[in-house]
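Visitor: after the sequence you'll find the predicted model.
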Protein chains: 2
Amino acid sequence: MNTILESLYQRKSCRVFTDEAVSADLKQELIRATMQAPTAGNMHLYSIIDITDQHIKDQLAESCDHQAFIAKAPLVFVFCADYHRAWQGMKSFIDQETRKPEIGDMFLAMSDALICAQNMVVAAQGLGLGSCYIGDILENYEFHKDLLKLPQAVWPIGMLVLGYPTQHQLERQKPKRFEPSFVVHSNAYQALGTKDQQTQIDELFKDHPKPISALNYYDDLYHRKYTADFTHEMNRSVSVMIETLLSTK
Amino acid sequence: MNTILESLYQRKSCRVFTDEAVSADLKQELIRATMQAPTAGNMHLYSIIDITDQHIKDQLAESCDHQAFIAKAPLVFVFCADYHRAWQGMKSFIDQETRKPEIGDMFLAMSDALICAQNMVVAAQGLGLGSCYIGDILENYEFHKDLLKLPQAVWPIGMLVLGYPTQHQLERQKPKRFEPSFVVHSNAYQALGTKDQQTQIDELFKDHPKPISALNYYDDLYHRKYTADFTHEMNRSVSVMIETLLSTK
């Protein structure tokens, strides 16, 4: 297998980092490679907030579902969908009265931000750095907006923590992915029946030291994710994000 | 520079492909590597629709802002945010009456879908395939939902066309990216003033054979993107997507 594919297979989430600092040069190399990401019309509809202030890291560790490892990560980046920069440029140079960014603009900017975040994950892996997404940045919208001083048309969408992985993290088994047959559809969506759902989970855990049944799997998903407090908070927070966008003149 | 970073620097959008077909084996290799992408809680909150039917490619070429090259691409994939699969699994095995996916669930699933799409871009580059995002899949939501038979809690969010690049595409200059200083913020967002906006654009085009002023740049952005028909359609379409989610019981 070639180096690039191998790197995608090897990459797994890393939540524990060694004490080794990431040098300023390496950080710049990481950022420059990250920013080679595709962006719609080369518009760069994203911003990256580089969190170096320990007090802000501490606050994010709390606001992002109380995950203490966030505060200990050498690098913390918040990826924002950003239509503010382009919008202000158009206002300054072309049309002071132009419309404000709308929800489709937001979605396109979200794409730019997440595509860019994944480029950072790949670049980091190439540089020997471990990374972990923190989806919980979608929670507590009002708090994050104030904390990071986000103006209109900038939305916190993704977050990555990075650093050098500990030996234990390097040796940790990567969780298996679903078989493509359950995820890739030919020409139109085909919903799985109950039997397919069972097979999907059986396949996922067939080489697992302690096989997990579909019942166990979905019970875990239901209680630890779908009905958990953080998920309700995420739904509330994103609702506010959308309402704020729709109501702002 | 190492192979992985080099690959990120070399990757640029490719819209014209040679007649060479992509073998079934290579396509499988591409999909398997793509699916190594990070996914929230290993939940795989995405689906990939593999468009092989020429008639559907033709329709997407029309519905995605009339871009004929889409119909000619050897590979066309629509990336959907998908909470249907997990939701149905939980309904089948745990709680028939559980709540329907909400807007925060949708955003988390969108993250999964876009992260996965960018992994495909990277994997494709590693396999010698060119790729191009089609953001216009966010347009014509009602049409795409019907065309791809998307059930509740599945949303078309990203699209990629791929194939072997022509020599001309390989030789085409990659558009320069903004300097990180305009995109990466330290600890809090710092909006650019008019002078910074000017400098940002001057920097972008400083080695360009025909330098472009901030006025020209934003005029182009304003007319060809922000106030263009496809952008209005994207805003309308995503509004409908959100309204449908909020109103569906």
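Guide: It's in.
Visitor: only C-alpha atoms from now on, for both contacts and neighbour counts.
Guide: Fine.
Visitor: mind listing what A:Gln198 touches?
Guide: A:213-214 (Cα atoms under 8 Å, 6 or more residues apart in numbering or on different chains).
Visitor: next one, pLDDT for it please.
Guide: Looking at A:Gln198, its pLDDT is 94.
Visitor: against B:Gln67, how distant is it?
Guide: 41 Å (Cα to Cα, to the nearest Å).
Visitor: A:Asn187 too?
Guide: In this view, A:Asn187 and B:Gln67 are 19 Å apart by Cα to Cα.
Visitor: more neighbours: those two, which one.
Guide: Neighbours of A:Asn187 and B:Gln67, each counted by other Cα atoms under 10 Å in any protein chain shown, are more numerous for A:Asn187; the result is 21 against 16.
Visitor: so what sits opposite the residue nearest to A:Val121 when sequence neighbours are not counted in the bridge?
Guide: Among residues not flanking A:Val121 along the chain, A:Ser131 sits closest, at 6.3 Å (Cα to Cα, 6 or more residues apart in numbering or on different chains). Beta-bridge pairing for A:Ser131 (DSSP bridges): A:Ser13, A:Leu162.
Visitor: which residues sit in contact with A:Ser131?
Guide: Contacts for A:Ser131 (Cα under 8 Å, 6+ apart) come out as A:12-15, A:121, A:124-125, A:160-163.
Visitor: likewise for A:Gly89?
Guide: A:Gly89 touches B:194, B:197, B:218, counting by Cα under 8 Å, 6+ apart.
Visitor: and the residue lying closest to the first one once chain neighbours are set aside, how many residues sit next to it?
Guide: Same thing as B:Thr194. Closest residue in space to B:Thr194, ignoring its immediate chain neighbours: A:Ser92 at 6.4 Å, by Cα to Cα, 6+ apart. By other Cα under 10 Å, the residues close to A:Ser92 number 19.
Visitor: give me the distance between A:Ser92 and A:Gly135.
Guide: For A:Ser92, the distance to A:Gly135 - Cα to Cα - is 34 Å.
Visitor: what's the answer for A:Phe107, then?
Guide: From A:Phe107 to A:Gly135 the distance is 17 Å (Cα to Cα).
Visitor: give me the mean pLDDT for stretch A:144-163.
Guide: Rounded mean pLDDT across stretch A:144-163 is 98.
Visitor: and what of stretch A:32-48?
Guide: Mean pLDDT, computed over stretch A:32-48, is 97.
Visitor: what about it and chain B, touching?
Guide: Yes - applying Cα under 8 Å from any Cα of the partner chain, one finds stretch A:32-48 touching chain B at A:32-38, A:40, A:42, A:44, A:46-48.
Visitor: buried residues in that stretch, which are they?
Guide: Within stretch A:32-48, the residues scored as buried using 16 or more other Cα atoms under 10 Å in any protein chain shown are A:32-40, A:43-48.
Visitor: how far does that stretch stretch from one end to the other?
Guide: Stretch A:32-48: ends 12 Å apart by Cα to Cα.
Visitor: what sits up against it?
Guide: Counting by Cα under 8 Å, 6+ apart, A:77-83, A:85-86, A:108-110, A:112-113, A:115-117, A:119-120, A:123, B:5, B:8-9, B:11-13, B:133, B:135, B:175, B:177-178, B:180, B:183-185 sit against stretch A:32-48.
Visitor: list the residues that contact A:Ala109.
Guide: A:Ala109 is in contact with A:45-46, A:81-83, counting by Cα under 8 Å, 6+ apart.
Visitor: state the mean pLDDT of the host helix or strand of it.
Guide: Using DSSP states H and E, A:Ala109 falls within helix A:103-126. For helix A:103-126, the mean pLDDT works out to 98.
Visitor: that one: how far from the chain's middle?
Guide: Mean-position distance between helix A:103-126 and its chain equals 8 Å (Cα atoms, centre = their mean, to the nearest Å).
Visitor: stretch A:91-103 too?
Guide: Worked out by Cα atoms, centre = their mean, stretch A:91-103 lies 29 Å from the chain centre.
Visitor: how about the strands in chain A?
Guide: Assigned by DSSP state E, chain A shows strands spanning A:46-51, A:75-82, A:130-133, A:154-163, A:184-186.
Visitor: and the pLDDT for A:Asp207?
Guide: 87.
Visitor: which phi and psi does it have?
Guide: phi -100, psi 10 (degrees, to the nearest 10).
Visitor: and the contacts of stretch A:5-23?
Guide: Contacts of stretch A:5-23 (Cα under 8 Å, 6+ apart): A:69-70, A:72-75, A:122, A:125-126, A:130-133, A:161-166, A:169, A:174, B:33-34, B:36-38, B:119, B:123, B:126.
Visitor: the residue nearest to the spatial centre of chain A bridge partners, please.
Guide: Residue closest to the average C-alpha location in chain A (Cα atoms, centre = their mean): A:Gly158, at 3.8 Å. Beta-bridge partners for A:Gly158, by DSSP bridges, are A:Phe79.
Visitor: isn't it right up against A:Leu114?
Guide: Yes - with contact defined as Cα atoms under 8 Å, A:Gly158 reaches A:Leu114; the gap is 6.5 Å.
Visitor: name the residues contacting each of the two.
Guide: A:79, B:111.
Visitor: quick one on the thing from earlier: make TSV out of the contacts of A:Gly89 and add neighbour count.
Guide: As requested, those are exported to TSV (neighbours: other Cα atoms under 10 Å in any protein chain shown):
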residue	neighbour count
B:Thr194	15
B:Gln197	22
B:Tyr218	26
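Visitor: and which of these is nearest B:Ala24?
Guide: B:Tyr218 (43.6 Å; Cα to Cα).
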